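# no sequence for this one, just the structure:
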């Protein structure tokens, strides 16, 4: 069974530029999550999708971050414009459903460096 | 809001010995899951073990076991017969029915040959 796929693995941009990350969850997983992990810290949830609907985006900085999962499968996370403090690893995870407590499976992450 | 605390930023263990990583959490919920994830330098989060709060029996997975103390809100991870490949960041995480994972700050485990 293929795991959660993410691309790109690394990205370096200058502040005020925009960037987009892509995630493809495990086949059949209805729930998809985006986390931000700043160096030296645990991951923090940015947004949670159930199929193509948003379940929780309370910690997403909506003035610069956006995310979509239009067909309920893969998802993109965008930052526009990027700030220095956005430098982090962006992790995507998926689980079978959100109705019950499910184990989340993580992708390899995208490491973003904003200069 | 739920919080997860890992009080040991770094731990060190000799190869083949046993080490215990600590985790405490705060919640008012009665139904939840707890997890330990391993994050090697590659950054991929790998599930090590999980514990359902309604189960009294401590979870075990080969060399990994937990000591779950629900009343004390404590969830420690014991790694037996430590191997060089166990060296990584370990994160304790809490999950309730909303399915939002709350992570602790992590413990870096070093394994000495």
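Everything's here; your move. Since the structure is predicted, the reported quantities are computational estimates derived from the model, not experimental observations.
# wait, what's in contact with residue A:48?
A:31, A:32, A:33, A:54, A:55, A:56, A:57, A:98, B:99, B:100 (Cβ atoms under 8 Å, 6 or more residues apart in numbering or on different chains). Yep, even glycine has a C-beta here, placed from its N, CA and C like the rest.
# let's see it at 7 Å
Counting by Cβ atoms under 7 Å, 6 or more residues apart in numbering or on different chains, residue A:48 touches A:31, A:33, A:55, A:56, B:100.
# For the residue in chain A that chain B sits nearest to, grab phi and psi.
For chain A, the nearest residue to chain B under the criterion Cβ to the nearest Cβ is residue A:42, separated by 3.1 Å. When read as degrees, to the nearest 10, the backbone of residue A:42 gives phi -80, psi 160.
# show me the residues around the residue lying closest to it once chain neighbours are set aside that make contact.
Distances taken as Cβ to Cβ, 6 or more residues apart in numbering or on different chains put residue B:103 closest to residue A:42, at 3.1 Å, once the chain neighbours are dropped. By Cβ under 7 Å, 6+ apart, residue B:103 lies in contact with A:42, A:43, B:4, B:91, B:93.
# what sits opposite residue A:12 in the beta ladder?
Counting by DSSP bridges, residue A:12 is bridged to residue A:113.
# What about it, how many residues nearby?
The tally of other residues near residue A:12 (other Cβ atoms under 10 Å in any protein chain shown) stands at 12.
# What does the pLDDT read for residue 27?
Since no chain was named, I'll use chain A. Residue A:27 is assigned a predicted lDDT (pLDDT) of 92.
# hm, I was asking about chain B
With respect to pLDDT, residue B:27 scores 90.
# Most widely separated two among the contacts of residue B:103?
A:43 and B:4 (11.4 Å; Cβ to Cβ).
# And those two? Which one has more around it.
Neighbour count, other Cβ under 10 Å: between residue A:43 and residue B:4, residue A:43 has more, with 27 against 22.
# what residue ranges in chain B score low on pLDDT?
Residue ranges of chain B with pLDDT under 70: B:1, B:97-99.
# For the residue in it positioned nearest to chain A, give its distance to residue A:88.
Per Cβ to the nearest Cβ, the residue of chain B with the smallest distance to chain A is residue B:103, at 3.1 Å. Here the criterion is Cβ to Cβ, to the nearest Å. By it, residue B:103 lies 14 Å from residue A:88.
# before we move on, what about residue A:109?
For residue A:109, the distance to residue A:88 - Cβ to Cβ - is 9 Å.
# higher neighbour count, these two?
A side-by-side neighbour count of residue A:109 and residue A:88, using other Cβ under 10 Å, places residue A:109 first with 26 against 20.
# Verify the stated contact: that one with residue A:93.
No. Using Cβ atoms under 7 Å, residue A:109 is not in contact with residue A:93; the gap is 10.0 Å.
# Show me what from chain B comes close to chain A.
B:33, B:42-45, B:47, B:50, B:91, B:95-97, B:99-101, B:103-106 (Cβ under 7 Å from any Cβ of the partner chain).
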